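1. how would this look folded up:
(chains A, B, C and D, ligands or ions: 6)
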Amino acid sequence: MLDIEVYNNNQIPAWCPGCGNFSILRCMKQALSELDISPDRLLMVSGIGQAAKAPHYFRCNLFNGLHGRDISVGAGAKIANHELLVISESGDGNTYGEGGNHFIHNIRRNINMKVFIHNNQIYGLTKGQASPTSDTGMKTKVQVDGVINPPFNPIAVAIALNASFVARSFSGDPEHLVSMMKSAITHKGFAILDILQPCVTFNRLNTFQWYRQRVYKLDDSYDPTDRKLAFEKALEWGDKIPIGVIYKNNRPVYEEQLQQLKDGPLYKQPVTGIDYSDVLKEFI
Amino acid sequence: MLDIEVYNNNQIPAWCPGCGNFSILRCMKQALSELDISPDRLLMVSGIGQAAKAPHYFRCNLFNGLHGRDISVGAGAKIANHELLVISESGDGNTYGEGGNHFIHNIRRNINMKVFIHNNQIYGLTKGQASPTSDTGMKTKVQVDGVINPPFNPIAVAIALNASFVARSFSGDPEHLVSMMKSAITHKGFAILDILQPCVTFNRLNTFQWYRQRVYKLDDSYDPTDRKLAFEKALEWGDKIPIGVIYKNNRPVYEEQLQQLKDGPLYKQPVTGIDYSDVLKEFI
Amino acid sequence: MDIKIVIGGEAGQGIQTISNIMSKFFLRSGYYVFTEQSYQSRIRGGHNFTQVRVSSEPVSSPDDGIDILVALNRETVDIHSSETGGIIIYDNELIKDLSGDKLFGVPLQKIAIEKTQNKLAVNSVACGVLAGLLDGDISILERLMREQFKDPDIGEKNVLAVRSGYEIGKSNRTLPFKITPLSQKGRLLIDGGSAVGFGAIVAGCRFLSAYPMTPGTAVMNFLAGHSKRFNIVVEQAEDEIAAINMVLGASFAGVRSMVTTSGGGFALMVEGLSLAGMTETPCVIHIGQRPGPATGLPTRTEQGELLFVINAGHGEFPRYITAPRDAEDAFYKTIKAFNLADKYQIPSIILTDQFLIDSMTTIDSLDVKDIKIERHIVTEPDNNYARHLLTSSGISPRALPGTEGILVITDSDEHDEEGHITEDLEIRKNMVEKRLKRGEYLKEDVEEPVFFGDKDSSIVLTGWGSTYGILKEAVNRLTKEGISVSLLHFSDVYPLPDKTLNSLRDKRFISVENNATGQLAQLIRRETGINITEKILKYNGRPFTPSEIVRRFKEIC
Amino acid sequence: MDIKIVIGGEAGQGIQTISNIMSKFFLRSGYYVFTEQSYQSRIRGGHNFTQVRVSSEPVSSPDDGIDILVALNRETVDIHSSETGGIIIYDNELIKDLSGDKLFGVPLQKIAIEKTQNKLAVNSVACGVLAGLLDGDISILERLMREQFKDPDIGEKNVLAVRSGYEIGKSNRTLPFKITPLSQKGRLLIDGGSAVGFGAIVAGCRFLSAYPMTPGTAVMNFLAGHSKRFNIVVEQAEDEIAAINMVLGASFAGVRSMVTTSGGGFALMVEGLSLAGMTETPCVIHIGQRPGPATGLPTRTEQGELLFVINAGHGEFPRYITAPRDAEDAFYKTIKAFNLADKYQIPSIILTDQFLIDSMTTIDSLDVKDIKIERHIVTEPDNNYARHLLTSSGISPRALPGTEGILVITDSDEHDEEGHITEDLEIRKNMVEKRLKRGEYLKEDVEEPVFFGDKDSSIVLTGWGSTYGILKEAVNRLTKEGISVSLLHFSDVYPLPDKTLNSLRDKRFISVENNATGQLAQLIRRETGINITEKILKYNGRPFTPSEIVRRFKEIC
Ligand SMILES: Cc1ncc(C[n+]2csc(CCOP(=O)(O)OP(=O)(O)O)c2C)c(N)n1
Ligand SMILES: Cc1ncc(C[n+]2csc(CCOP(=O)(O)OP(=O)(O)O)c2C)c(N)n1
Ligand code: SF4
Ligand code: SF4
Ligand SMILES: [Mg+2]
Ligand SMILES: [Mg+2]
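-> Ligands and ions are numbered 1, 2, ... in the order given. I've put the predicted structure just below:
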């Protein structure tokens, strides 16, 4: 276990006091330290939003890219250097809204990277519009009559696409959250961790209280390898909200199926001193 | 029933002889005529691809837009004039690949429009690259070692998002296809019809034969309103492939929840002769 | 009289509340107000501030210097006290260790809690202090308080808070200026975002689809806020690509429609822009610029997208681009954008920036009665209707799908007159010419730049968009100092109106732009050959001030 | 000798097979070949054709006129017989009702079935007939057949088919020209798509992500086809946005990476381009232009995206844009694009078009040995490494994530030297200047345009990109006719190299462009003030021919 101090830097979080993001940040450092992951072999990718600022607040390599596109950046980086631990950390709007297409297609790819979503069911940074996961009826400055659409169910969609690892946790339960982060990181494959995170400023519906009253932990009797059961679990959202590993499987990982990476990471492939005469022959 | 002749125009399909698209075109005219839908109240929207050319080949209003964006165009048009019947007709690459984000989020919206996908499990127009629905292992000029990813399962994803109507049919079974088209059109809500369509030029794996050996019709004993059962059905893909209405529900339609449309279609709202003094007061 | 009041503190402390109330207070007292906001991309904390500039003469820009600083936290004092010429209002129970002669400590929070049992009422107390220090009419402020709070109880409590503050202010008056109510003129106080939004509503826009993005969201908020009143559908899209395509669908089906975004969101709409160009579907795109590249500084201002927007989209097609010079212009140009989009069946782009969108300015009135809405829609097309008919003007008859007896067909592929996909290369050629021809006619509809100041001066400052008020004031000041200078300021920017420019070919031009490469200068050279080598540029995310322009002008002239 | 052979028919009939084989046949016979393709956006049917131009002198363009027409269907005869000066080869058992003196009927299909039991061998028969008519060396063709078919049995059968055709051709020789094998020179026959692809491989590109789009796909196919040999990962993305972002991720992690697309796909990458600009992540973007707007004519050619690409992206940042003049240039410029991207940490754009991508041309050789790969990556950074260090050149040290002991941090927001998000407006200003400074140095790396022809002529034709071969030939012909004219042709287009231009300021320029608005002329005016009012433009989706340029030149000169 690495000293948690190695993750500290001098950046000051620009979050509101009391925001659920602080706990996620602490848990992240905790999980990394428990797993002995040295900052210099960790690459965080993030998009834009309050959540997406998180990786600035601890020591790691970081590509903080565009809103909604971080999974793609991470996928490219992981293909280029599969020795890095690549984790995407962003918000619900980022990953399920703008980034929806990359979310679904990277589940299919099953690159061994991790996606942590701070799901506060709102667009925080842009001042409180509905996000894809906002509950129906929530009123905002844009949704003046309340949200019409039912919320996007990332867990169910991930299971429908046979995602390799799908879990949910809650920023108000650090112990659980740390264990979920560790499971996601140690799982081999594309691992999705949806983290319920209260936004104390804009989301007056899904408060700490609201979540705390509803979340319950899946216990050992639950079998996360049963896809149909997992789908049923995924539909639970209301008075009771399950947290824990909801589904997982052992699908082969993308980069292990690439012959091209058998000789080592792509970025280390030799590119000079190559004999091209066979290619030149094609043009004769 | 309208004379099927009213749908004929002088355009000549630019498809390969023997392509599964021809049958879909015929079925489309048949379904429309059986439902008495006059060409001038039908708006087809399509994207780009071989499938997306289809609406040029029968009489209808048509917005043939960009690759992958037709559902969005259709949604906008339906909001503007909800008296139109709006149908999107495109290919698997278009709708599940480039257009994936619009596919998932419009399922949530549940606008009363129809989405017909010619699913030939290949990119036809661009000469045979893998599409999101291509089976694992299929070799192409780009996927030289064969497709790595498992196919995108549109039916399962749609059910995960509680789509209003989800069906599958096969271009080689015109009778079934016409009935599915009619069910989709008469269903109130966002209706998805995935149509298995052989591409005789590029898809040598999923041939007419291949489909014919596998597809079987869901019979009356199947209850398409049971979401969990439907999810199980959705996972069937291999030796046996179910066709029919796999899932449906009565979710409220988007446009009916808009107060703004209570007085009639949006495009008919008065925009002149309005007293703006109340707005001006806000600035004093 | 020209008073500059700055209110500073952390995000979330209520800076905007104070500045909004005070701006209205000055407006209703018969003064001119310009209120500008500087804020960070965060919801709580950091350092934000607002400048409320008040004058008995028209003001149309912020300026350097502070007469009264309202410091809601210690940091504000540290950052702004050196610029402050007058006094610094602060809470002397919360910030204890200050010293200096400008300081005016008031136990704001204590009073707030006393009068309202609610800390948040510090804002009301501060407003009262300000009004008192300026010897204003407290009844105007009291009324504003009552309007502000829906719950009359809370309103009355805040009135009490205002009164306490007012008494303290009034009894400590040291300032040389006074806000004596002037004869009311029924002027309006409006920000650029509301001006674009209101213009859109008056133009008949009934559908807006957007993905939230600062500062474009302001327009979305305005339309959403008025959606019930005018039956407007505001649809938050899953991404910007969906937004532009939904808007094209809605427009095709007959509703005036728009998107609103910023440069980064617009970048995602570029393919859709080209689709509008090809299908000849009218649409209006509002872009509130902010500093780039990429995410840049989300809450700051810049004029970095002129050349991008003019050249955006694959293939060649005409477009109308207007960069309103101020909120009033934004209102009318938005309406013009809708009318020209319909007239020529092209995309119209309204190019604003964070400075224009977020600043409030005083205007005399808005003419909402004499607005003409010109749709150019064929309601009774003949039987052989063809959506893309080749005509001498290049404009084809536009009918709506759903019209009985005809079909409306369009295609993103090259198409024939009916709208069907074609590979006929002769038709291709004709369609290219038809599409571009509309751009030629459009040139007649663009407005020449404002030419202002000493028209005989050998020096011409050029600018575009939101810098107008700032430049006008700078030119006025230089003129007053006896320096001969003129201003050529563009609101319509594309097609670039070039008559005035050409008549001034031999002058010495200096381009003043809120960007780092002088994009207007580049555009002018491309369109007229006039080579503007002298530039006053600013690209740190903040708008110019008139004082800064005057200073930098003198450095080079 | 200059023979133009056109092979025409429906998509799917094997036009490309015949033209590929014949092109190689002529190449191996020691001749120069230029093969150009005209095809529709469909997989079967329609009307496609290929021109194979053969000469003992270098040829670098297609041209008007047909010496030998191979008509695989009736429609081809109808469309092309009037242009045909020599003979028309067709299947006289399948097309019966033709008459005319140019006709040369051969029962192609009958022979094919006789010799190979397979209709598809008509192509081999046709090749044989062509070789016979030209009295070529049949052994070269036989060898090509054996190479073509992996199954030796089928190969031998096709050799028989070739022989039958050859006999018929040879015994009916009426043509005045002959393909006598010349001394072999080991020249290469290469298309633009392969040239870009091969250049990328030689430059060390090991990751390509793309979404298929004509004509960009050619480069994807080339890399995929060689992916096992060189350990290249080719990843088909779910959309173009994913493609560019994956490429930026891979590049950030240290692999030379590229995307390939067309204008419409690039439109979706514009936000990502700006991200590359902000994060200073090198990347290479290949754009094969086709006629727009929107979907336009997917399989045709145009030069419609010059201004779009130069100005694409929100915010201001440098970029390198090269528009290779031919396949050989495409190979080297692709390598240069990778090197400059790494040197300046900027996006490099290779701007080709369908004409360049799909045309095959003869080149003497490709130098694959003396290529320099310049990565500019810091492998042993010091402890206080900062990814965005402010330096005098504007170029910061680039290390890779995963390097022991340091962290590599970047941000799409404005950032400090370390790469962390900042709202410090002074840093903002420095970062803007740092980013733009690299663009100034980059100016020294761009290649001046080719200046060709009568350098003292008062008339200068200007062009860019793929039109080079065509214009060169046109200028040569005009010169031969005694008309004095020169050619200024740009391959590197941005930053625009302006030394030669400035030295020619007072000449009469005529801009020749495959678009409708003269985009190079606009760029030249913007960058140099030179006002090119005369233009020869073409925008029907087809490339120019030298004859056409000569004719249109004479019309205006
Ligand atoms: C292309 C683009 N569109 C819009 C934005 C504006 N934007 C920034 S953050 C954000 C939403 C943030 O919501 P979420 O991802 O849930 O993060 P949170 O702030 O709630 O943590 C939006 C819309 C952007 N930066 N880029
Ligand atoms: C933005 C964009 N990217 C790529 C393309 C090129 N393109 C045209 S059709 C197509 C795929 C077609 O596949 P599908 O949608 O399955 O239709 P099919 O031809 O198989 O019927 C692609 C990639 C495009 N037109 N636009
Ligand atoms: S706005 Fe919400 S999510 Fe963002 S920092 Fe504040 S509390 Fe947290
Ligand atoms: S390529 Fe395939 S899908 Fe396209 S027309 Fe031909 S057979 Fe049909
Ligand atoms: Mg959120
Ligand atoms: Mg397909």
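
2. Get me the contact residues on the stretch 201-350 of chain C for ligand 1.
-> By Cβ under 6 Å from any ligand atom, the residues of the stretch 201-350 of chain C that approach ligand 1 are C:211-213, C:240, C:264-265, C:268, C:295. Where C-beta positions appear, they are placed from N, C-alpha and C, glycine not excepted.

3. check contacts around residue A:42.
-> A:32, A:60-61, A:84-85, A:87 (Cβ atoms under 8 Å, 6 or more residues apart in numbering or on different chains).

4. any idea which of those has the most stuff around it?
-> residue A:61 (30 neighbours; other Cβ atoms under 10 Å in any protein chain shown).

5. So that one sits against residue D:401, correct?
-> Yes - the pair residue A:61 / residue D:401 is scored as a contact, 3.6 Å apart, by Cβ atoms under 8 Å.

6. Can you work out which residues contact both of these two?
-> A:40, A:43, A:84, D:407-408.

7. what's in contact with stretch C:322-333?
-> The contact list for stretch C:322-333, computed with Cβ under 8 Å, 6+ apart, reads C:60, C:190-192, C:194-196, C:198-199, C:202, C:303, C:306, C:334, C:336-337, C:348-352, C:356, C:359-361, C:363, C:366, C:450, C:464-466, C:468-469, C:489-493.

8. Same question for stretch C:413-428.
-> Residues outside stretch C:413-428 that contact it (Cβ under 8 Å, 6+ apart): B:11, B:48, B:53, B:56, B:62, B:64, C:386-390, C:396, C:408-411, C:431, D:40-41, D:46, D:291, D:294-298, D:300, D:539-542.

9. What subset of those residues is buried?
-> B:11, B:48, B:53, B:56, B:62, B:64, C:386-388, C:396, C:408-411, C:431, D:40-41, D:46, D:291, D:294-298, D:300, D:539-542 (16 or more other Cβ atoms under 10 Å in any protein chain shown).

10. Within the helices and strands, which one has the spatially closest residue to residue A:14 that is not a sequence neighbour?
-> Excluding its sequence neighbours, the residue lying closest to residue A:14 (Cβ to Cβ, 6 or more residues apart in numbering or on different chains) is residue C:42, at 4.1 Å. Following DSSP states H and E, one finds residue C:42 outside all helices and strands.

11. Likewise for residue A:75?
-> helix A:70-80.

12. Would that helix count as contacting chain D?
-> Yes - Helix A:70-80 is in contact with chain D by Cβ under 8 Å from any Cβ of the partner chain, via A:72-80.

13. Could you give the average pLDDT over stretch C:112-129?
-> Stretch C:112-129 carries an average pLDDT of 95.

14. send the alpha carbons of it over as PDB?
-> Listed next in PDB are the C-alpha coordinates belonging to stretch C:112-129 (Å, rounded to 0.1, in the frame of the first residue of the first chain):
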ATOM      1  CA  ALA C 112     -29.300  41.100   7.700                       C
ATOM      2  CA  ILE C 113     -29.900  38.500  10.500                       C
ATOM      3  CA  GLU C 114     -31.400  41.100  12.700                       C
ATOM      4  CA  LYS C 115     -33.900  42.300  10.200                       C
ATOM      5  CA  THR C 116     -34.700  39.100   8.300                       C
ATOM      6  CA  GLN C 117     -33.300  36.200  10.300                       C
ATOM      7  CA  ASN C 118     -31.500  35.200   7.100                       C
ATOM      8  CA  LYS C 119     -27.900  35.700   6.200                       C
ATOM      9  CA  LEU C 120     -28.800  36.000   2.500                       C
ATOM     10  CA  ALA C 121     -30.300  39.500   3.200                       C
ATOM     11  CA  VAL C 122     -26.800  40.900   3.300                       C
ATOM     12  CA  ASN C 123     -27.400  41.700  -0.300                       C
ATOM     13  CA  SER C 124     -30.400  43.800   0.600                       C
ATOM     14  CA  VAL C 125     -28.500  45.600   3.300                       C
ATOM     15  CA  ALA C 126     -25.700  46.300   0.800                       C
ATOM     16  CA  CYS C 127     -28.100  47.700  -1.700                       C
ATOM     17  CA  GLY C 128     -29.500  50.000   1.000                       C
ATOM     18  CA  VAL C 129     -26.000  51.200   2.000                       C
END
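
15. does any bit of that stretch sit next to chain A?
-> No - for stretch C:112-129, no contact with chain A is found by Cβ under 8 Å from any Cβ; the gap never falls below 14.2 Å.

16. Return the per-residue confidence for the nearest residue to residue A:26 once chain neighbours are set aside.
-> Computed as Cβ to Cβ, 6+ apart, the closest residue to residue A:26 that is not its neighbour in sequence is residue A:174, at 6.7 Å. pLDDT for residue A:174: 98.

17. excluding its backbone neighbours, what's nearest the closest residue to ligand 5 within the stretch 401-550 of chain C?
-> In the stretch 401-550 of chain C, the residue that lies nearest ligand 5 is residue C:541 (25.0 Å; Cβ to the ion). Take residue C:541 and drop its neighbours on the chain: the residue closest to it by Cβ to Cβ, 6+ apart is residue C:300, 3.1 Å away.

18. Fine by me, thanks again.
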